[in-house]
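S.K.: Quick one: sequence and predicted model below, then my questions.
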Amino acid sequence: MPEIDPFMLARIQFAANITFHILFPTITIALGWVLLFFKLRFNATQDPKWMDLYMLFTKVFALSFALGVVSGITMSFQFGTNWPGFMLTVGNIAGPLLAYEVLTAFFLEATFLGIMLFGASRVPNWVHNLATIMVAGGTTLSAFWILVLNSWMQTPVGFEMIDGQAHATDWLAILFNPSMPYRLTHMLLASGLTAAFLVAGLCAFRWFVGQHSEAVKTGMRVGVTLAAILIPIQIFVGDLHGLNTLEHQPQKVAAMEGLWETQKGAPLVLFGMPNEKTRSNDYAVEVPKLASLILTHDADGELKGLNEFAGNHPPVVPVFWAFRIMVGVGVLMLLVSWAGAFMLRQNRDPAKILTITLIAMTFMGWLATLAGWYVTEIGRQPWLVYGVLATKDAVAAIPSPILGISLTMYLLVYVGLIITYVATLFHLARHADKPKDESGKATEGERSAAIMAKE
């Protein structure tokens with residue numbers, strides 16, 4: 001039996017770890033702000049339905065945060081075990097950025113999350129409000145530091161190489177590198193959409209199992225309304241992000257479009273099977289000149305093809321299809337959110353078809369985020385730090401059997417955890433309106449609302 005290339009195994013292992021890890025920050029980054037909205041609405045109205053939503057989704061946030069922290073630590077270890085060349089070459093820049101992210105996550109989010117979870121009836125309302133604000137801000141700060149590092153790896157500036165190591169010469173340039181504003185905005189909006197469909201989906205599930213309360217209906221309406229607002233903005237920002245990528249990484253865009261030859265008036269390939277052997281697309285369905293119009297805003301604009309970057313462009317098939325999955329899910333989100341917002345207008349009860357659709361869409365944000373992340377990360381290949389450090393030059397010399405064993409263990413644990421996580425969320429939703437004491441008179445959210453109303 002032939003031995004699998006250890007370099008490929010190391011890449012698969014990192015992909016598996018980052019795939020599992022990114023699921024949870026994608027939820028918590030935006031869910032913290034949704035929780036703040038719920039809390040502020042309760043403060044303004046004293047309506048217990050808002051506290052019902054707050055208490056349920058605080059638990060969802062806490063569970064997601066815990067899994068995000070644990071999987072993030074595991075992922076960080078790989079820099080030392082599988083990819084020592086990364087820190088050896090760019091550790092002077094990556095190290096401080098990762099340290100700031102850890103400080104934000106552990107010292108800010110984790111501390112105040114405890115007050116959010118257990119302090120509703122134990123601390124003054126203003127302290128609880130402050131805790132919610134700090135957690136929401138902490139998630140965004142955490143995302144900022146990670147996206148700064150990732151963006152810098154895509155468009156590195158503000159450094160000089162001395163004896164094979166990168167040394168910062170301009171930290172402001174590093175922080176606000178050319179792709180950071182687009183990448184950060186794109187990710188924050190992706191998180192907003194992920195959280196919006198999670199809220200709508202879990203509330204739709206509550207309605208489906210018979211919890212026909214105002215809190216459930218309100219949660220559904222908040223989720224679909226938030227998604228309906230964010231998805232057009234995400235489409236606009238995605239276009240800007242694409243133009244920025246075309247400027248700095250034209251080979252990535254060429255792979256996304258399945259464009260092999262440099263040409264003016266390049267067609268948009270709606271469907272096709274990229275064939276790297278023949279350097280063409282099999283079974284292609286194209287719209288003439290549309291790719292040039294979208295990317296250059298000129299129907300006759302010139303786009304560089306992959307043949308311009310022979311031996312120095314990413315694998316085409318995964319980038320090509322991941323991009324189409326991301327766009328396809330985005331269009332689906334647009335249709336469902338707008339239809340849902342229309343159907344739930346004027347406080348109407350949700351139709352059965354809407355609740356079933358929203359339940360099916362609960363984790364659709366994950367699919368779009370992962371597809372977009374694969375476009376970004378695979379599209380950067382063969383570089384780990386674009387133009388500075390090749391991926392093959394950063395990998396450790398670890399035997400294939402060792403990598404294979406650890407990869408198998410990771411996958412088994414991750415499959416078990418993700419199944420348990422999803423099952424737990426729906427369990428929390430199913431039992432959200434049940435009393436937590438023997439009296440059976442009030443739900444957890446109602447009791448917390450009553451306590452805060454007395455202050």
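M.R.: That came through fine.

S.K.: so which strand or helix has Pro274?
M.R.: strand 268-275 (DSSP states H and E).

S.K.: so how far is that strand from its chain's centroid?
M.R.: 26 Å (Cα atoms, centre = their mean, to the nearest Å).

S.K.: What are the buried residues along it?
M.R.: Across strand 268-275, burial judged by 16 or more other Cβ atoms under 10 Å covers Leu268, Val269, Gly272, Pro274. In short, each C-beta sits where N, CA and C put it, glycine included.

S.K.: The third one against Gly258, yeah?
M.R.: Yes - proximity of Gly272 to Gly258 meets the contact threshold set by Cβ atoms under 8 Å, at 5.6 Å.

S.K.: shared neighbours of those two, which are they?
M.R.: Taking Cβ atoms under 8 Å, 6 or more residues apart in numbering as the criterion, Gly272 and Gly258 both touch Asn281, Ala284, Phe320.

S.K.: wait, which of those residues is closest to Thr74?
M.R.: Nearest to Thr74 out of these is Phe320 (Cβ to Cβ; 30.1 Å).

S.K.: which residues sit against stretch 402-413?
M.R.: Ile4, Pro6, Leu9, Ala10, Ile12, Gln13, Ala16, Asn17, Thr74, Asn82.

S.K.: swap in stretch 156-166?
M.R.: 88-93, 167-174, 177-178, 385-388.

S.K.: again, but for stretch 258-265
M.R.: The contact list for stretch 258-265, computed with Cβ under 8 Å, 6+ apart, reads 253-254, 266, 269, 272, 274, 279-281, 284, 288-289, 291-292, 299-308, 316, 320.

S.K.: now do stretch 144-153
M.R.: Contacting residues not belonging to stretch 144-153 are listed as 25, 90, 93-94, 97-98, 100-101, 104, 174-175, 177, 179-180, 183-184, 187, 376, 380, 384-386 [Cβ under 8 Å, 6+ apart].

S.K.: before we move on, what about stretch 188-196?
M.R.: 25-27, 29-31, 33-34, 140, 143, 223-224, 226-227, 230-231, 233-234, 237, 333, 337, 365-366, 368-369, 372.

S.K.: Swap in 6 Å and give it another go.
M.R.: 26-27, 29-31, 34, 223, 226-227, 230, 234, 365, 369 (Cβ atoms under 6 Å, 6 or more residues apart in numbering).

S.K.: The helix or strand encompassing Ala341 to strand 268-275, inter-axis angle?
M.R.: Under the criterion of DSSP H and E, Ala341 resides in helix 316-343. Put simply, helix 316-343 runs at 140 degrees to strand 268-275, going by axes from the mean of the first three to the mean of the last three Cα atoms, to 10 degrees.

S.K.: Show me what counts as buried in helix 316-343.
M.R.: Counting neighbours by 16+ other Cβ under 10 Å, one finds that the buried residues in helix 316-343 are 316, 318-327, 329-330, 332-334, 336-337, 340-341, 343.

S.K.: How about stretch 58-68?
M.R.: Buried-residue list, stretch 58-68, by 16+ other Cβ under 10 Å: Thr58, Lys59, Val60, Phe61, Ala62, Leu63, Ser64, Phe65, Leu67, Gly68.
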